[in-house]
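**Student:** Coordinates only, no sequence provided:
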């Protein structure tokens with residue numbers, strides 16, 4: 001998972017990109033980078049850590065130019081961060097391209113071999129983003145054939161990328177001397193949206209992973225980038241767009257709505273906050289059938305992303321809602337921490353219980369999801385230690401039983417607590433008196449209630465149905 005941003009401004013854009021990356025920090029806390037373009041030169045600074053730690057005043061001063069791209073990331077494996085894989089990436093031919101990518105290619109190994117044996121391009125990391133950059137660069141060079149670039153040539157190169165690449169990709173690239181190109185995979189798995197801002201000198205443009213990065217910087221959200229679409233913004237701020245593939249479907253990753261995106265964002269026409277309220281409504285209806293409501297004294301969210309679902313569930317069922325956990329906001333999101341031991345240790349650092357809210361009560365804890373179970377188990381133990389009589393648990397998402405191959409760190413089935421387990425067995429594993437999962441049909445319907453235009457959803461981590469149609473779970477297990 002990553003956050004990407006690109007800006008074409010009327011003045012220096014370094015501060016704008018920095019501010020937008022702060023607003024996307026939740027999408028990746030391991031590394032950050034910015035590249036700006038000015039006078040035929042790219043200016044780059046990138047490094048491991050949070051945005052506020054990577055960039056100092058001296059770094060910002062060096063990022064001159066009126067256009068550029070930025071990136072925050074975390075690795076989609078449990079391996080340590082490789083400094084060579086911190087984005088933006090760069091290739092000098094053709095024209096010079098600086099490139100940021102959110103998502104994951106499912107056929108990157110095949111593409112890497114093709115780049116070496118056929119296209120004669122060298123890949124120097126194990127990053128699928130570098131593979132995708134070189135595929136785009138090769139196709140751009142092939143189509144341009146030694147001539148100048150036009151929007152039509154760039155769009156033709158994107159069409160070729162769509163034919164070759166499989167998986168999830170939301171891309172922004174700065175092409176030296178020409179402008180920004182942004183495009184989204186034909187299934188629209190990862191989000192990408194466009195915003196603008198009027199100045200005395202003319203219109204400025206921003207493209208970002210989430211709308212909060214746009215509106216939070218004073219821009220107006222224009223629209224989402226459509227699946228398969230490419231948008232080209234030249235250095236004068238002129239915008240052209242084109243659909244670059246014949247077959248598309250709007251199939252966003254449901255985990256964006258469950259957990260990944262900020263509640264103040266809007267993705268593909270759906271408010272994340274409204275989506276989580278809807279999830280709470282459907283979850284409440286199921287909970288009332290599974291657990292005797294008289295046995296629940298209080299409903300509590302696991303901060304922060306489950307709060308809207310928990311509030312709506314409590315209101316719908318006329319149950320008392322309380323905040324029983326206090327979150328330390330200086331600890332990173334445990335879901336995206338690289339390693340089980342680190343995740344387990346960080347739970348107690350991140351959350352602390354208020355004993356008076358638990359003592360002698362039957363508590364229903366509501367969380368957005370249960371992935372590995374580490375966080376859930378620790379939180380249940382905290383609730384019991386604080387004096388809870390009984391602890392029930394409700395998940396706003398279904399049981400996670402399959403790996404995600406499109407950019408979320410769920411690489412192995414055996415890492416997932418629900419793999420080959422019943423709901424009762426998971427309940428025993430995390431130590432609760434009762435467990436209720438959201439039904440997948442209800443989760444998807446909650447999103448369709450807010451936007452009927454969704455064609456389908458990328459819900460593979462719940463049902464094993466991968467929208468690109470090229471995934472073999474046995475191959476994934478062998479590769480990892």
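**Tutor:** Perfect, thanks for sending it. Everything quoted here is computed from the prediction, not taken from an experiment.
**Student:** where exactly do the strands run in the stretch 151-300 of the chain?
**Tutor:** Taking DSSP state E, counting those that start in this stretch as the criterion, the stretch 151-300 of the chain contains strands spanning 167-175, 179-184, 193-199, 202-208, 220-224, 229-234, 239-243, 266-267, 270-271, 298-301.
**Student:** which stretch among those strands comes nearest residue 371?
**Tutor:** strand 298-301 (17.0 Å; C-beta to C-beta). No exception for glycine: its C-beta is placed from N, CA and C like everyone else's.
**Student:** and for that closest one, what are the contacting residues?
**Tutor:** 307, 309-311, 313-314, 317, 319-325, 357, 361-367 (C-beta atoms under 8 Å, 6 or more residues apart in numbering).
**Student:** can you tell me which of these are in helices?
**Tutor:** Counting by DSSP state H, the part of the contacts of strand 298-301 found in helices is 307, 309, 310, 311, 313, 314, 317, 357.
**Student:** Leaving out the residues flanking it, which one is nearest to the fourth one?
**Tutor:** Using C-beta to C-beta, 6 or more residues apart in numbering and skipping the chain neighbours, the partner closest in space to residue 311 is residue 321 (5.8 Å).
**Student:** Tell me how far the one you found lies from residue 301.
**Tutor:** Look at residue 321 and residue 301: by C-beta to C-beta, to the nearest Å, they are 8 Å apart.
**Student:** who's more crowded, these two?
**Tutor:** In terms of neighbours (other C-beta atoms under 10 Å), residue 301 is the more surrounded of residue 321 and residue 301; the figures are 26 against 17.
**Student:** Could you check how far the more buried one is from residue 423?
**Tutor:** Applying C-beta to C-beta to residue 301 and residue 423 gives a distance of 21 Å.
**Student:** OK, contacts around the nearest residue to residue 85 once chain neighbours are set aside?
**Tutor:** Excluding the flanking residues, the one nearest residue 85 by C-beta to C-beta, 6+ apart is residue 127, at 4.4 Å. With contact taken as C-beta under 8 Å, 6+ apart, residue 127 is in contact with 82, 85, 89.
**Student:** Over to residue 127: give its phi and psi.
**Tutor:** In terms of degrees, to the nearest 10, the main-chain angles of residue 127 are phi -90, psi 130.
**Student:** Check the one 5 residues further on too.
**Tutor:** In this entry, residue 132 is assigned phi and psi values of phi -60, psi -40 (degrees, to the nearest 10).
**Student:** Is it in contact with residue 173, as I believe?
**Tutor:** No. Residue 132 lies out of contact with residue 173 (C-beta atoms under 8 Å); the separation is 9.8 Å.
**Student:** Which residues are in contact with each of those two?
**Tutor:** Joint contacts of residue 132 and residue 173 (C-beta under 8 Å, 6+ apart) are residue 99.
**Student:** hang on, isn't residue 366 packed against residue 313?
**Tutor:** Yes. With contact defined as C-beta under 8 Å, residue 366 and residue 313 form a contacting pair (6.2 Å).
**Student:** Show me the domain layout of the chain.
**Tutor:** Domains of the chain are assigned by automatic domain parsing as 2-248, 276-451.
**Student:** Give the residues shared as contacts by residue 366 and residue 313.
**Tutor:** 280, 283, 299, 394.
**Student:** What values do phi and psi take at the nearest residue to the second one once chain neighbours are set aside?
**Tutor:** Right, the one you point to is residue 283. Excluding the flanking residues, the one nearest residue 283 by C-beta to C-beta, 6+ apart is residue 438, at 5.1 Å. Dihedral pair for residue 438: phi -60, psi 140, per degrees, to the nearest 10.
**Student:** report the longest helix in the chain, please.
**Tutor:** helix 272-290.
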